[in-house]
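Peer 1: mind folding the following:
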Amino acid sequence: MNSKQITQGVARAPHRSLFYAMGYLPEDLEKPLIGVVNAHNEIIPGHFHLNEIAQAVKLGVSAAGGTPIEFPVIGICDGIAMNHSGMKYPLASRELIADSIEAMTIAHKFDGLVLIGNCDKIVPGMLMAAGRLNIPAIYVSGGPMLAGKHRGKVVDLVRGAFEGVGAYTDGKITEDELKELERFSCPTCGSCAGLFTANTMNCLAEALGMALPGNGTIPAPYGRRKQLAKRAGMRIVELVKDNLRPRDILTLEAFKNAIALDMAIGGSTNTILHLMAIAHSAGIELDLDEFDKISKNVPNITKISPAGTHTMEDLDQAGGISAILNMLIKAGLVNPDNPTITGKTLGQNVSTAEVLDSSIIRPLENPYNREGGIAVLRGNLAPEGAVIKQSAVEEEMKQHTGPARVFDSEEDAFEAIMNRQIKKGDVVVIRYEGPKGGPGMKEMLSPTSALTGMGLEKSVALLTDGRFSGGTRGPCIGHISPEASEGGPIAILKDGDIIEIDIPARRLDVKLSDEEINNRLANWKKPPSKALEDTYLDRYSKLVTSASTGAVLKI
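Peer 2: As a prediction, the model looks like this:
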C-alpha cells in the first residue's frame, strides 16, 4: 500500500504522531488510507449537499475496513459565473482541480480515492486526476436536482430563468412572471435538472466504468443517492485490495463506449473537450474525428432538456443509463467486455436493466434522429473542426445561409441581442473567446438563451471559438478551430460575409475565395492578451492547447 510510506517503520514516528494529534488510532493506520475528495461548497447548488454524500462514503469505507480521510477541492458554478468575466475561469479550473488532487494524493500517499463532485468542470477534473495518478479510484456524483414547475409547466434553469430573460426582453412575459421563474426554476440541491454538461458527464462516468450504475440519474434528494455513495465507499476498499486501477478501466474502448452513450442521449458538446482531456491524462490517444464517426452510427434516442421537455428524473424513472447501455450493447454499438470499478464488465453491470418508458427512451429503430446528438463540422471557417449539438437544432436550421454579425467578445454580442439589433437570418459570430483568446473559452448560454427566448432559434445561428453550456439549444456552433487569437479564419470575418452552415454535410464555410481569405490573414494582427499579467489566466493562456485537442495544458 502507498500509505506504508508514511505509516510504517521507525522513521515514520513523527508522521504517526501527527495522525494521533487528529485522533486517529494506531489501528487506523494499519488499514488502507482512502482519500475522500469532497467538492462541497456553499456557492454551487450541485455541491451544497455533498457533505451528506461524503458522510455516506466514509461510512462505507469504514464498514469495509478502510480509513476514510476527507479533503476538499474547489468548484465553480457555471451558472453564477455566466455572462461576465467570471466565465473565463470554469474551464481553466478543470486543470486546477486535477492538479490539486494530484498534489494532495502524492504528498499524503493515499491508497485509493473516492472522488465526490457533481458539476461541469469538477467531474472531468476529478477523472483526469484519476487517470493521471492511476491509483484505485471511484467517482461519485451528488445527483441531479428535481425539475421545477411553473404555471403547470415543467421548467429548469435554462427553460425557465435563462430563457425567461429573452422572453421578458421580447415582451412575451412580465417582470413579475420572470421573478416567478427565478423562484421555481431550481427547486432543490443537485446539478441542474436537464442533460446539461454536469449531468452528461455524470452519465458518461458510468459508461467509462469509473462510477457505479445510477451515478448519472438518481436525483440528489433521493435516499438511493446516499445508498450509492455508501456502496462506493465500500467498493473502494476492495479495489485497493484487488489493485484495480483507472488505467485498467480507461481504455480506448471505454472512451468509445462513453462517446456512443453521449450520442444516444444527446449530451453536451463540452463532453468532447472533457473526454479528450481525460483520455490524455490516462495516456490514451482520442481524436476529434472519432466523435463524428460514432455519431453517424449511433441514433439519438432521448430528448432530455434542453433538446426536449423530459428531465433527468424522467430518465431515471425510465430505466436510467443502464437501460440505454444494455440496449446499445445488444445492438453491437457498445463493447460489453470493458472492465469497470464494480469488478465486473460493463455488460455484466447492465445486463438486467430494462427500458421502463419507451416515450422517454425510444427504441433504436424509432429514434428522434438517425444520427447521434453531436456533429463535427469542418470547412474553410473551421479547418481543424467545430462542434454542434445537432439533436437540439430545429430541422429547418440544419442548413442555413446568412450574413455574419461579428463581435469580438460575448459581452458585445449579448448587448446587441438585448437591444434587438439581431435580425432573422443573421449569423452571430463571437470570436476571441477561445481557450487562449478568452482566455478560458467562455460559455455562451446567456446569448443563446436570449435568442431562444426571443423566438429566434429557428432563424438565427451563432458561431464562436468559445463554447456552449450543455443547456444551449438551437443552431449554435462552438469550438471553432483554430481560434481567432491563433489566426484562425474566424479572425478575419467581417460584417456581411455570407456564412454557409450544412450540418448533414458536416460543413461550415464562409463564401470567400481562398485568395481573399489568405489576403485577409496576411493583414491580420494578433490583439493583445485579455489576461492580466501574472495571473493564473495569464499562465493558462500560454499553456492551453486547441479546443480540437481537448484544451489540455502542454509546456
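
Peer 1: could you find the closest non-adjacent residue to the residue nearest to the spatial centre of the chain?
Peer 2: Centroid-nearest residue in the chain: Thr197, 3.5 Å away (criterion: Cα atoms, centre = their mean). For Thr197, ignoring the flanking residues on the chain, the nearest one in space by Cβ to Cβ, 6 or more residues apart in numbering is Gly470 at 3.6 Å. Using the backbone N, CA and C atoms, a C-beta is placed for each residue, glycine as well.

Peer 1: coming back round to it: contacts only, for the residue nearest to the centre of the chain.
Peer 2: 78, 120, 268, 270-271, 274, 469-470 (Cβ atoms under 8 Å, 6 or more residues apart in numbering).

Peer 1: correct me, but the residue nearest to Thr197 touches Phe196?
Peer 2: Yes: assessed by Cβ atoms under 8 Å, Gly470 is found in contact with Phe196 at 3.3 Å.

Peer 1: how near is the residue located most distally from the centre of the chain to Ser93?
Peer 2: Distance from the C-alpha centroid of the chain, by Cα atoms, centre = their mean, peaks at Val10 (46.4 Å). For Val10, the distance to Ser93 (Cβ to Cβ, to the nearest Å) stands at 42 Å.

Peer 1: and if you look at Ala258?
Peer 2: For Ala258 relative to Ser93 (Cβ to Cβ), the value is 22 Å.

Peer 1: what about the two, which has more around it?
Peer 2: Neighbours per residue, other Cβ atoms under 10 Å: of Ala258 and Ser93, the larger number sits with Ala258, 30 against 23.

Peer 1: what about the helices in the stretch 251-400 of the chain?
Peer 2: 252-265, 270-281, 288-295, 312-317, 320-330, 346-350 (DSSP state H, counting those that start in this stretch).

Peer 1: now do the strands in the protein.
Peer 2: 33-38, 67-72, 112-117, 137-141, 148-150, 153-155, 374-379, 382-389, 399-407, 427-430, 461-464, 476-481, 498-502, 507-510 (DSSP state E).

Peer 1: give the contact list for the residue lying closest to Thr217 once chain neighbours are set aside.
Peer 2: Leaving out its chain neighbours, the residue that sits closest to Thr217 by Cβ to Cβ, 6+ apart is Asp316, at 3.8 Å. Contact partners of Asp316, counting by Cβ under 8 Å, 6+ apart, are 214, 217-219.

Peer 1: nearest to Leu333 among those residues?
Peer 2: Using Cβ to Cβ, Thr217 comes nearest to Leu333 of these, at 19.7 Å.

Peer 1: indicate which one of the strands of the chain is closest to Asn349.
Peer 2: strand 137-141 (13.4 Å).

Peer 1: who does the closest one pair up with?
Peer 2: Taking DSSP bridges as the criterion, strand 137-141 sits next to strand 112-117 (parallel) in its sheet.

Peer 1: how far out from the middle of the chain is the strand it pairs with?
Peer 2: The chain centroid and the centroid of strand 112-117 are separated by 18 Å, computed with Cα atoms, centre = their mean, to the nearest Å.

Peer 1: ok so, going back, could I get the helices of the stretch 251-400 of the chain as CSV with mean pLDDT?
Peer 2: What follows is the helices of the stretch 251-400 of the chain, written out as CSV (pLDDT from 0 to 100):
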stretch, mean pLDDT
helix 252-265, 98
helix 270-281, 97
helix 288-295, 96
helix 312-317, 98
helix 320-330, 98
helix 346-350, 98
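
Peer 1: export the ones you listed to a markdown table and tack on distance to Leu178?
Peer 2: Shown next, in a markdown table, are the helices of the stretch 251-400 of the chain (distance: least, Cβ to Cβ, whole Å):
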| stretch | distance to Leu178 |
| --- | --- |
| helix 252-265 | 30 |
| helix 270-281 | 27 |
| helix 288-295 | 36 |
| helix 312-317 | 24 |
| helix 320-330 | 34 |
| helix 346-350 | 42 |
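
Peer 1: residues making contact with stretch 323-336?
Peer 2: Residues from elsewhere that reach stretch 323-336 (Cβ under 8 Å, 6+ apart): 206-207, 253, 256-257, 260-261, 264-265, 297-298, 301-302, 345-356, 361, 363-364.

Peer 1: picking up where we left off before, save the strands of the chain as a markdown table, and put in mean pLDDT and distance to Gly190 too.
Peer 2: A markdown table is the format used below for the strands of the chain (pLDDT from 0 to 100; distance: least, Cβ to Cβ, whole Å):
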| stretch | mean pLDDT | distance to Gly190 |
| --- | --- | --- |
| strand 33-38 | 98 | 16 |
| strand 67-72 | 98 | 19 |
| strand 112-117 | 98 | 12 |
| strand 137-141 | 98 | 9 |
| strand 148-150 | 92 | 12 |
| strand 153-155 | 92 | 15 |
| strand 374-379 | 97 | 24 |
| strand 382-389 | 97 | 22 |
| strand 399-407 | 97 | 34 |
| strand 427-430 | 97 | 30 |
| strand 461-464 | 96 | 28 |
| strand 476-481 | 97 | 25 |
| strand 498-502 | 98 | 35 |
| strand 507-510 | 98 | 35 |
